[in-house]
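K.L.:
got a predicted model here, sequence first, then my questions.
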Protein chains: 4
Amino acid sequence: MTRGRLEAFSDGVIAILITIMVLELRPPHGASLEDMRPLLPKLASYLMSFVFVAIYWNNHHHLLHAVHRVNGRVLWANMHLLFWLSLVPFTTAWMGEHPGAATPVALYGAVLLASAIAYTVLTRELLALHPSDSPLALAIGRDRKGKISLGLYIAAIPLTLLSPWLAIAIFVTVTLLWLVPDVRLERALARE
Amino acid sequence: MTRGRLEAFSDGVIAILITIMVLELRPPHGASLEDMRPLLPKLASYLMSFVFVAIYWNNHHHLLHAVHRVNGRVLWANMHLLFWLSLVPFTTAWMGEHPGAATPVALYGAVLLASAIAYTVLTRELLALHPSDSPLALAIGRDRKGKISLGLYIAAIPLTLLSPWLAIAIFVTVTLLWLVPDVRLERALARE
Amino acid sequence: MTRGRLEAFSDGVIAILITIMVLELRPPHGASLEDMRPLLPKLASYLMSFVFVAIYWNNHHHLLHAVHRVNGRVLWANMHLLFWLSLVPFTTAWMGEHPGAATPVALYGAVLLASAIAYTVLTRELLALHPSDSPLALAIGRDRKGKISLGLYIAAIPLTLLSPWLAIAIFVTVTLLWLVPDVRLERALARE
Amino acid sequence: MTRGRLEAFSDGVIAILITIMVLELRPPHGASLEDMRPLLPKLASYLMSFVFVAIYWNNHHHLLHAVHRVNGRVLWANMHLLFWLSLVPFTTAWMGEHPGAATPVALYGAVLLASAIAYTVLTRELLALHPSDSPLALAIGRDRKGKISLGLYIAAIPLTLLSPWLAIAIFVTVTLLWLVPDVRLERALARE
């Protein structure tokens, strides 16, 4: 029953995160379309982070949906995930202000990686609370997509030294990989 | 059952959007009524966007109320709508700072148009999940008001080159058209 | 059943309003207690508005609790109330920056008055939907406290020309009047 | 039954507080890792406050979970707690800008102390509404951890004159003390 409030609090935090990123988009001083051009990297960076956070909300939604019990460890694993997600607006803003600079892209990737690790930890904590034949356990299975994402993020961070744009291409690839909500869970739940 | 959390998340995002617009209203440096005058266009622009976003919340509320099922496509159609709505505070601020300038009004209109298209897409995705004799399908019907709004927005954007104020008048007209909540849905649901 | 989502959305907006006011409190540049002194009027103004908005949340909570039906008119009466409340952070900031100046205090009072009128309108719309012997109708009764508040706000606004501090004293008086949550409704609901 | 909306509103306010602190983390002007260094005290101060507010959410969640009745006094005790928590982003920002300065650390501690007192008052108000053999009363018991925290905060504030870092070490100690969610309540509720 505490699941409800865990969902409500996470929804609140994620809704705020996804929205305050837009506060970084300050209207330009001029009123022509030209004045809008320097904002394009910021807009692109906002769009990428919006989709990234939206994927987390979608997957979090599907994950908790299959959950029957939570405990104190789950609450903290969830807080840990929210902490890393809360840094996304900050790294998004820095990357948007320095398009193509290596360090901001690397830090952006590091926060994506930390969020992905925190999500994996949350999944493990939830699995530990459910029997191995529960819909949750069956649905998550070997979590191949999760492991591939972690590997790609780890590869992308040092690549920023070579080419920040290549690293960004990898972030976009991982995002596309997840754009489809977790079909495994959706299928498993439909069977339930 | 996932409908509940979809509503909660959308409520959160829309509540934040409608509220952070007010952060653009910076108090003037002076303390006289005169000092407040330059803020009037911003206030008017805030009022228009507040009503615009409030209409979306009202209609979204009525729409989801008639829904019995959601799936992954609906979640993403909803995120897509929230993305465009999230740009409203930004375009509102730009328009408010340059009253009567063509480009900010055109961009403001473009975001209104994109939001209206996203709402239509969400409606279509929901209709695809419900039988053609469901309360939802009956209520939406041919969606005349939705089509008229799209047409008016498309007309208004090029008109900004001629007269930004005419375009604003069209935006206000569409808003008034929707100020009444979706009576079709309300009626259909009352019958249910 | 739509009452639930109306409450959720109002809770969201009010929670954000009460919280973003604190964003006005910018930490001073220095690190001594002296540097904090110029912030005191802002802090006092934040405290007054926090209590003011908290009273609205409390009364809104009690009011909707006794409600059995809502319609489109109620949704808009509620939005109208939220609009005026959304201007409170703005007028709070202006008043906090110019302690003792007449116009900011008058505008602050005008927003308090408009909120009180909007609350009265919402109450009337809800009463129109419920029979005259409903718990809601019995609880609200003749709404003496509401009428006294309106009268005091109307008196306070012109008084700012004479003495802004007197007007502020009246605002505080009205606030104290309401600090006790609506006992009428609480009593009536306990009887239910 | 009003418990649900009290939880929803508190969740909203706490979710916003924990998130707007991140708005203080302004991206540096440069794009190198060097430019990030001056932000480290702010980041550390954000991390400490995130954990502090998260602990309040966790304990608030467990506390209200065991509650069967609320009244007007509880609503105001809860608002009083939210007021002090709402000042955390402000004191966090001040402390983060002046690492090692005594007054900001003392004020930070004062807000932590006031929050802890407000939480104790809320607990007392809830206990007064429940019989002495209720799960709530049994779970809270003599509230040793609460009393130790109050004592440590009271000791830490004057210590800032001696050494701000010692006071910070005490804040971290109290935080670690609470990092484990309220096992007493969790155990008592499991028994229920």
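P.N.:
Alright, I've got the coordinates. Numbers count the residues shown, from 1 in each chain, chains lettered A, B, ... in the order given.
K.L.:
distance of the closest residue to chain B within chain A from residue A:57?
P.N.:
With Cβ to the nearest Cβ as the measure, residue A:15 is the residue of chain A nearest to chain B, at 3.2 Å. Yep, even glycine has a C-beta here, placed from its N, CA and C like the rest. Using Cβ to Cβ, to the nearest Å, one gets 8 Å for the distance from residue A:15 to residue A:57.
K.L.:
any low-confidence regions in chain A?
P.N.:
Within chain A, the ranges that satisfy pLDDT under 70 run A:1-2, A:180-192.
K.L.:
which residue does chain A bring closest to chain D?
P.N.:
Closest approach between chain A and chain D, counting by Cβ to the nearest Cβ: residue A:12, at 3.2 Å.
K.L.:
re earlier: quick check: neighbours shared by residue A:15 and residue A:57?
P.N.:
In terms of Cβ atoms under 8 Å, 6 or more residues apart in numbering or on different chains, residue A:15 and residue A:57 are both contacted by the residues residue B:9.
K.L.:
more crowded one of the two?
P.N.:
Ranked by neighbour count (other Cβ atoms under 10 Å in any protein chain shown), residue A:15 and residue A:57 place residue A:15 first, with 28 against 22.
K.L.:
now the more buried one: closest residue in space that isn't a chain neighbour?
P.N.:
Computed as Cβ to Cβ, 6 or more residues apart in numbering or on different chains, the closest residue to residue A:15 that is not its neighbour in sequence is residue B:12, at 3.2 Å.
K.L.:
kindly report the same for residue A:117.
P.N.:
The nearest residue in space to residue A:117 (Cβ to Cβ, 6+ apart) is residue A:150, at 6.9 Å.
K.L.:
I figured that neighbour hits residue A:114, correct?
P.N.:
No: between residue A:150 and residue A:114 there is no contact under Cβ atoms under 8 Å: 10.6 Å.
K.L.:
now list whatever residues contact both of those two.
P.N.:
By Cβ under 8 Å, 6+ apart, no residue touches both residue A:150 and residue A:114.
K.L.:
just checking, what packs against the helix or strand the residue of chain A closest to chain B falls within?
P.N.:
Per DSSP states H and E, residue A:15 falls inside helix A:2-20. Counting contacts by 3 or more Cβ pairs under 8 Å, 6 or more residues apart in numbering or on different chains; DSSP states H and E, helix A:2-20 packs against helix A:40-65, helix A:72-86, helix A:88-97, helix B:3-20, helix B:72-86, helix D:3-20, helix D:40-65.
K.L.:
for that helix, C-alpha coordinates in PDB please.
P.N.:
This file holds the C-alpha atoms of helix A:2-20, laid out as PDB (Å, rounded to 0.1, in the frame of the first residue of the first chain):
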ATOM      1  CA  THR A   2       2.900   2.300   0.500                       C
ATOM      2  CA  ARG A   3       3.500   1.800  -3.200                       C
ATOM      3  CA  GLY A   4       0.900   4.400  -4.000                       C
ATOM      4  CA  ARG A   5       2.800   7.200  -2.100                       C
ATOM      5  CA  LEU A   6       6.100   6.100  -3.500                       C
ATOM      6  CA  GLU A   7       4.700   6.500  -7.000                       C
ATOM      7  CA  ALA A   8       3.100   9.800  -6.100                       C
ATOM      8  CA  PHE A   9       6.300  11.300  -4.800                       C
ATOM      9  CA  SER A  10       8.400  10.000  -7.700                       C
ATOM     10  CA  ASP A  11       5.800  11.400 -10.100                       C
ATOM     11  CA  GLY A  12       6.000  14.700  -8.400                       C
ATOM     12  CA  VAL A  13       9.800  14.900  -8.500                       C
ATOM     13  CA  ILE A  14      10.000  13.700 -12.200                       C
ATOM     14  CA  ALA A  15       7.200  16.100 -13.300                       C
ATOM     15  CA  ILE A  16       9.200  19.000 -11.700                       C
ATOM     16  CA  LEU A  17      12.500  17.900 -13.200                       C
ATOM     17  CA  ILE A  18      11.100  17.600 -16.700                       C
ATOM     18  CA  THR A  19       9.500  21.000 -16.400                       C
ATOM     19  CA  ILE A  20      12.200  23.100 -14.700                       C
END
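K.L.:
and the angle from it to helix A:88-97?
P.N.:
Counting by axes from the mean of the first three to the mean of the last three Cα atoms, to 10 degrees, helix A:2-20 points 20 degrees away from the direction of helix A:88-97.
K.L.:
now do the buried residues in helix A:2-20.
P.N.:
A:2, A:5-20 (16 or more other Cβ atoms under 10 Å in any protein chain shown).
K.L.:
next up, the contacts around residue A:10.
P.N.:
Counting by Cβ under 8 Å, 6+ apart, residue A:10 makes contact with A:60, A:64, A:78, A:82.
K.L.:
residue A:32 - nearest residue in space that isn't next to it in sequence?
P.N.:
Spatially, and ignoring its direct neighbours in sequence, residue A:32 is nearest to residue B:103 (5.6 Å; Cβ to Cβ, 6+ apart).
K.L.:
now residue A:9. Nearest residue, chain neighbours left out?
P.N.:
residue D:11 (4.9 Å).
K.L.:
the one you found reaches residue A:5, doesn't it?
P.N.:
Yes: if you go by Cβ under 8 Å, residue D:11 and residue A:5 touch, sitting 6.6 Å apart.
K.L.:
and the angle from the helix or strand residue A:153 falls within to helix A:40-65?
P.N.:
Here residue A:153, judged by DSSP H and E, is contained in helix A:144-162. Counting by the same axes, to 10 degrees, helix A:144-162 points 160 degrees away from the direction of helix A:40-65.
K.L.:
run through the neighbouring helices and strands of the very next helix or strand once past helix A:144-162.
P.N.:
Scanning forward in sequence from helix A:144-162 by DSSP H and E, the next helix or strand is helix A:164-179. Packing partners of helix A:164-179 (3+ Cβ pairs under 8 Å, 6+ apart): helix A:40-65, helix A:102-129, helix A:144-162.
K.L.:
out of these, which is closest to residue B:173?
P.N.:
helix A:40-65 (29.0 Å; Cβ to Cβ).
K.L.:
report the buried residues of the closest one.
P.N.:
Quick answer for helix A:40-65 (16+ other Cβ under 10 Å): A:42-43, A:45-46, A:48-65.
K.L.:
repeat that for stretch A:111-128.
P.N.:
A:111-123, A:125-127.
K.L.:
thought residue A:177 was touching residue A:148?
P.N.:
Yes: here residue A:177 reaches residue A:148: they are 7.1 Å apart, a contact under Cβ under 8 Å.
K.L.:
overlap in contacts, these two.
P.N.:
Counting by Cβ under 8 Å, 6+ apart, nothing touches both residue A:177 and residue A:148.
K.L.:
isn't residue A:170 right up against residue A:159?
P.N.:
Yes: if you go by Cβ under 8 Å, residue A:170 and residue A:159 touch, sitting 7.1 Å apart.
K.L.:
for the closest residue in space to residue A:51 that isn't next to it in sequence, list the residues it contacts.
P.N.:
Of all residues beyond its chain neighbours, the one nearest residue A:51 is residue A:175 (5.6 Å), with distances taken as Cβ to Cβ, 6+ apart. By Cβ under 8 Å, 6+ apart, the contact set of residue A:175 is A:48, A:51-52, A:55.
K.L.:
for those residues, work out which two are farthest apart.
P.N.:
Between any two of the contacts of residue A:175 (Cβ to Cβ), the greatest distance is 10.9 Å, for A:48 and A:55.
K.L.:
tell me which residues touch residue A:39, please.
P.N.:
A:25, A:28.
K.L.:
measure how buried residue A:152 is and give me the count.
P.N.:
When counting by other Cβ under 10 Å, one arrives at 19 neighbours for residue A:152.
K.L.:
pretty sure it contacts residue A:176?
P.N.:
No: using Cβ under 8 Å, residue A:152 makes no contact with residue A:176, being 11.3 Å away.
K.L.:
spell out which residues of chain A are next to chain D.
P.N.:
Contact residues (Cβ under 8 Å from any Cβ of the partner chain) of chain A with chain D: A:1-2, A:5, A:8-9, A:12-13, A:16-17, A:20, A:23, A:71-72, A:75-76, A:79, A:82-83, A:86-87, A:89-90, A:93-94, A:97-98, A:101-104, A:107.
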